[in-house]
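# Sequence and predicted structure are below.
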Amino acid sequence: MPGFPDGRFLASLSYSLSSGHLRQNDAILLHRNCRMARPTILVAESEPGQALSVLKLVLESAKYNVLTAHSTGEALDIFHMFPNVNVAVLVMDGVIDCELVARSIKQVTSKISIIATSARIAQKCENADHILCSHEPETLISLMRTLLGDPRSPVELPPVISPGPDRTRSNKDRSRSGAIRPNIARGLKRSLPELFRRV
């Protein structure tokens, strides 16, 4: 099976889909059975007010590929073109119909985990596998790594802090730090009574 392009292509494709213009070269690469080099996440959320989507930025910083849809229809279109996405993240913000998207995905396959995020705790999505608070990106990344593994290379992983040295030191170690050696202490113990006698 052909390999999948890098994140720059995905960003370009996401823009092409949202603008309604899909280039011919992009269409050729949309093979239904193509495998993606890194785990790929479908994110469905309303158009962000700022220039960048915080959710997309968080996931891409964790080295996941992200396909973004800004409406229910776009989410379904992207899923049908990319049935091998690993996870779908649906933001319940009043624009995305979480129930419809989740149900449509589950009717095709049960292998794709569906995560619904909401700013309101009481909000539900019946067909979602997980429901998270949208204000806790660390929880989302932790769940992603549990479901998909950590796509970061060993160079990008944080350094492992080794446990500190053993606090119990031998007599030899203590003597190096200035403590009285045992043999010297015994010699002083024997010589002290003689000093007192002489006085």
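Structure's in. What do you need? Source: prediction; values computed, not measured. Numbers count the residues shown, from 1 in each chain.
# Do you have the helices of this protein handy? List them.
Secondary structure of the chain (DSSP state H): helices at 7-19, 24-29, 54-61, 72-81, 98-108, 137-148, 171-176, 182-198.
# Need the contact partners of the fifth one.
Judged by C-beta atoms under 8 Å, 6 or more residues apart in numbering, the contacts made with helix 98-108 from elsewhere in the structure are 44, 72, 75-76, 79, 83, 88, 90, 92, 112, 114, 116, 125-128. For glycine as for every other residue, the C-beta is placed from the backbone atoms N, C-alpha and C.
# list the buried ones in that helix?
Neighbour-count burial for helix 98-108 flags 98-99, 101-102, 104-105 (criterion: 16 or more other C-beta atoms under 10 Å).
# residues near Glu136, how many?
12 (other C-beta atoms under 10 Å).
# Report pLDDT for it.
On pLDDT, Glu136 comes in at 88.
# Can you tell me how far it is from Ala69?
As for Glu136, its distance to Ala69 is 22 Å (criterion: C-beta to C-beta, to the nearest Å).
# Low-confidence ranges, this protein, go.
By pLDDT under 70, the weakly predicted segments of the chain are 1-36, 49-51, 156, 160, 162-199.
# Show me how it divides into domains.
Following automatic domain parsing, one finds the domains of the chain at 7-148, 170-199.
# I'd assumed Glu126 was in contact with Ile114.
No - with contact defined as C-beta atoms under 8 Å, Ile114 does not reach Glu126; the gap is 10.6 Å.
# thinking again about what came up before, among the contacts of helix 98-108, which two are most distant?
Largest separation among the contacts of helix 98-108 by C-beta to C-beta: Pro83 and Met92, giving 23.1 Å.
# Just want to know which of the two has more residues nearby.
Just comparing Pro83 and Met92: by other C-beta under 10 Å the higher neighbour count belongs to Met92, 22 against 15.
# contacting residues for that one?
98, 116-118, 120, 123, 125.
# Pull out the buried members of these.
98, 116-118, 125.
# Out of the residues you listed, flag the one nearest to Arg152.
Distance to Arg152 across the buried ones among the contacts of Met92 (C-beta to C-beta) is lowest for Thr117, with 22.3 Å.
# roughly how far apart are the nearest residue to that closest one once chain neighbours are set aside and Ile115?
Nearest non-adjacent residue to Thr117, counting by C-beta to C-beta, 6 or more residues apart in numbering: Ser134, 4.2 Å away. Using C-beta to C-beta, Ser134 is found at 11 Å from Ile115.
# Then Ala62?
As judged by C-beta to C-beta, Ala62 and Ile115 stand 14 Å apart.
# Then Leu140?
Using C-beta to C-beta, we find Leu140 at a distance of 7 Å from Ile115.
# Among the contacts of Met92, which are located in strands?
Among the contacts of Met92, the ones falling in strands (DSSP state E) are 116-118.
# which one of those residues sits closest to Lys56?
Set against Lys56, the nearest of the ones in strands among the contacts of Met92 by C-beta to C-beta is Thr117 (12.6 Å).
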